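In: pasted the sequence and its predicted model underneath.
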Amino acid sequence: MTTFENLLLSSPLLRAVAAEGYLSPTPIQAEAIPHVLTGCDLLGCAQTGTGKTAAFALPILQRLVDNPRPTQKHSRKVRVLVLSPTRELATQIGASFQTYGRHTGLRQVVIFGGVSQQPQVKSLRAGVEIIVATPGRLLDLLNQGHVDLSTVETFVLDEADQMLDMGFIHDIRKVVARLPRQRQTLFFSATMPAEIRQLADALLHRPVKVQVAAESSTVESIAQSVYFVDQRNKPTLLQHLLRTDAVGRALVFTRTKHGADKVARHLAKAGIRAEAIHGNKSQAARQRALEKFRSNSPPVLVATDVAARGLDIDRVSHVINFDLPNVPETYVHRIGRTGRAGASGIAISFCGGPERGDLKLVERLIRKSIPVRTDHPPYAANLPPAVAPKGRCRSAGPRKYHR
Ligand code: AMP
């Protein structure tokens, strides 16, 4: 069995990893770490939940430690840039670098929009080796002359598919134009459609490819099931499950921001404590909700996909798809929030009549049919006859909705 020791990590990192309680590397860590240590480019097809952050953070830190630069005050140069699609994910990656690098003396800053830029500028002035950033604010600071990326040795693009979904492609290109041509690039994406491959081809030089799970794979340890339930009865069914299904911590997904608020309100009315997070909430409010959920108070978090993707939330016992996603890959991402790093989990989906087509697409993607649960409370069982997704052109691309 591979151990962190025989991946040739040095004592400051081994101590930090041991303190986190990691016993052995996850498959992506065992595969990626030796390559990243040699300095080569890497194309990683991996979802969050696989341990991919440590798969790049540990060898990056090791290389920084192995090749020190002068560290007198004010002479720290930016040596690593990690780009991430969301503030939450950037914060988590920053926290991981902090955790794994706490015995190394290396400094870092997390840069994202929606908050004052002053503390970020202050950290940059004081000098950092590692920047973790979302593209928009990083470009702002670059344009104001607060950041110099000309000394970057390693560039990480995380969740590239989500970056493209969120329209960051031009920003990414602008940032890349500021990086030295001679560098190591690590590129991670949960899915690899043609557009992502093109971007990877443009950024990577003879990359090593590492794949830990097929795009369509759902973690075996997750028990999946679906209820056919009329849209108007979904709130009742949700309350019923939260009360009776031995739910420890539940992450509930809705399609829309409005839907997330509505579900959280319904639950509150029923005496079940829940928080909602979505893109309309301020950064501070999202962070607060996340922290509270992490400490199980409340044990229910209602989220939209953009707000939740990439979030590192441990020990979620249940993922509940209050609405099925209309992009089937999103189902795989969502349910990956439970059953992480070896733990088992439960994923329950609510499928209204008009969502049957979405369910079919999910089942085709994961290549299995999801068992149907019929143990509804009586008041939630009266689903009208299934409505075939007639007249909806599936090939015209996903329906648009506000997330
Ligand atoms: P990630 O895919 O980077 O979002 O990591 C998912 C979760 O797995 C995080 O909570 C990590 O702390 C945890 N994790 C990462 N590596 C390991 C490991 N080797 N053993 C146990 N847990 C890990």
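Out: Good, I have the coordinates.
In: return the residues of the stretch 51-200 of the chain in contact with the ligand.
Out: Taking CB under 6 Å from any ligand atom as the measure of proximity, the stretch 51-200 of the chain contacts the ligand at 51, 52, 53, 54. The C-beta positions use only the backbone N, C-alpha and C, and glycine is treated the same way.
In: for the stretch 51-200 of the chain, just list every one of the helices.
Out: 52-66, 87-100, 118-126, 135-143, 160-165, 169-177, 194-203 (DSSP state H, counting those that start in this stretch).
In: is it true that residue 63 touches residue 35?
Out: No. With contacts counted by CB atoms under 8 Å, residue 63 stays clear of residue 35, the gap being 11.9 Å.
In: which residues of the protein score low on pLDDT?
Out: For the chain, the stretches with pLDDT under 70 are 70-74, 213-220, 283, 306-315, 339-343, 378-403.
In: would you map the strands across the stretch 301-403 of the chain?
Out: 318-321, 345-351, 372-373 (DSSP state E, counting those that start in this stretch).
In: so can I have a markdown table of those strands showing distance to residue 106 and mean neighbour count?
Out: As requested, these are exported to a markdown table (distance: least, CB to CB, whole Å; neighbours: other CB atoms under 10 Å):
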| stretch | distance to residue 106 | mean neighbour count |
| --- | --- | --- |
| strand 318-321 | 35 | 26 |
| strand 345-351 | 34 | 24 |
| strand 372-373 | 49 | 13 |
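In: out of the ones you listed, the one nearest the ligand is which?
Out: strand 345-351 (12.8 Å; CB to the nearest ligand atom).
In: not counting the closest one itself, show me its contacts.
Out: For strand 345-351, contacts defined as CB atoms under 8 Å, 6 or more residues apart in numbering pick out 218-219, 221-229, 234, 237-238, 241, 245, 316-324, 331, 334-335, 337-339, 358-359, 362, 370, 373.
In: which residues of the stretch 251-400 of the chain fall in helices?
Out: For the stretch 251-400 of the chain, the helices defined by DSSP H, counting those that start in this stretch cover 257-269, 283-294, 305-308, 328-335, 356-366.
In: who wins for proximity to residue 77 among the ones you listed?
Out: helix 283-294 (28.4 Å; CB to CB).
In: report the buried residues of that closest one.
Out: In terms of neighbour count (16 or more other CB atoms under 10 Å), helix 283-294 has its buried residues at 286, 287, 289, 290, 293.
In: equivalent analysis for stretch 236-246, please.
Out: For stretch 236-246, using 16+ other CB under 10 Å, the buried residues are 236, 237, 238, 239, 240, 241, 242.
In: distance from it to the middle of the chain?
Out: Averaging C-alpha positions (CA atoms, centre = their mean, to the nearest Å) puts stretch 236-246 27 Å from its chain's average.
In: i'd like the first residue to be 56 from this point on
Out: Sure, I'll start counting at 56 from here, so that last one is stretch 291-301.
In: hey, C-alpha coordinates of that stretch in CSV?
Out: In CSV, the C-alpha atoms belonging to stretch 291-301 read as follows (Å, rounded to 0.1, in the frame of the first residue of the first chain):
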residue,chain,number,x,y,z
THR,A,291,-44.1,17.8,2.9
LEU,A,292,-42.1,14.9,1.7
LEU,A,293,-38.9,16.7,2.6
GLN,A,294,-40.1,17.4,6.1
HIS,A,295,-41.2,13.8,6.5
LEU,A,296,-37.8,12.5,5.5
LEU,A,297,-35.8,15.0,7.6
ARG,A,298,-37.9,13.8,10.6
THR,A,299,-37.9,10.1,10.0
ASP,A,300,-34.9,9.1,7.9
ALA,A,301,-32.2,9.3,10.6
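In: so what touches it?
Out: Contacts for stretch 291-301 (CB under 8 Å, 6+ apart): 282, 284, 302, 305, 307, 318, 321-322, 325, 327, 355, 372-373, 375, 377, 401, 403, 405, 431-432, 434-435.
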